[in-house]
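A.B. asks: mind looking at a prediction? Sequence and model below.
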Amino acid sequence: MKIEIITEDTNEELTIKIHCKEVNEEVERIINSLKNSSISLMGKLDGEKVVIDLRDIYYFEAVENKVFAYLETQVYEVDYKIAELNDLLKSTSFIQIARTVVLNVDKIKKIKTMVNGRILAELNNEEKIIITRVYANDFKKKIRGGKR
């Protein structure tokens, strides 16, 4: 891969062009990374609102009508429903893996197939999370096309 940066005084906004023979797994990862880098969400912790960079989020989980964003060591409440996050983050490295969970596949360290078609994912922060069998096929497609 070759990276070339061109600075011009006439540029009003950042433009990124990818020249490639075909759109393959590596190109998809680069695109997802670029998309993730420009998205941030508001989260609440101890009554204070905080801007959260999407790249720092490991997963979102709905618990008792509230949705939380789980980072490496912190947990923030966010003002979204799981369905809204799933739609908003569809073209990023996030995917719904259970009725109440949307996972960032870029935070996965390793995966293991379990009984009944479920998948166990170990995250970079050593946390383990289950991909339910209902979402397992979509998850497999996502990691084949967008990660590893």
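C.D. replies: Received it, and whenever you're ready, just let me know what you need.
A.B. asks: so where is this protein shaky, pLDDT-wise?
C.D. replies: 32, 35-38, 145-148 (pLDDT under 70).
A.B. asks: how about 80 then?
C.D. replies: Regions of the chain meeting the criterion pLDDT under 80 cover residues 1-6, 11-14, 25-26, 28-39, 91, 145-148.
A.B. asks: could I get the full set of strands for it?
C.D. replies: Ranges of strands within the chain are 40-45, 48-53, 59-63, 66-70, 75-78, 94-98, 101-104, 108-113, 119-123, 128-131, based on DSSP state E.
A.B. asks: to I18, which of those lies closest?
C.D. replies: strand 94-98 (21.2 Å; Cβ to Cβ). Bear in mind the C-beta positions are built from the backbone N, C-alpha and C, glycine included.
A.B. asks: re the thing from before, could I get the strands of the chain as TSV with distance to V23 and mean neighbour count?
C.D. replies: As requested, the strands of the chain are exported to TSV (distance: least, Cβ to Cβ, whole Å; neighbours: other Cβ atoms under 10 Å):
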stretch	distance to V23	mean neighbour count
strand 40-45	27	16
strand 48-53	26	12
strand 59-63	27	19
strand 66-70	30	19
strand 75-78	31	17
strand 94-98	19	23
strand 101-104	22	24
strand 108-113	22	13
strand 119-123	26	17
strand 128-131	26	18
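A.B. asks: save these as TSV, and put in distance to E13 too.
C.D. replies: Shown next, in TSV, are the strands of the chain (distance: least, Cβ to Cβ, whole Å):
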stretch	distance to E13
strand 40-45	18
strand 48-53	20
strand 59-63	30
strand 66-70	28
strand 75-78	28
strand 94-98	25
strand 101-104	27
strand 108-113	33
strand 119-123	34
strand 128-131	37
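A.B. asks: figure out which of those strands is closest to N86.
C.D. replies: Of the strands of the chain, nearest to N86 by Cβ to Cβ is strand 94-98, at 4.8 Å.
A.B. asks: now what about that closest one, what contacts it?
C.D. replies: If you take Cβ atoms under 8 Å, 6 or more residues apart in numbering as the criterion, strand 94-98 is touched by 59-60, 82, 85-86, 102-105, 121, 129-132, 134-135, 138-139, 142.
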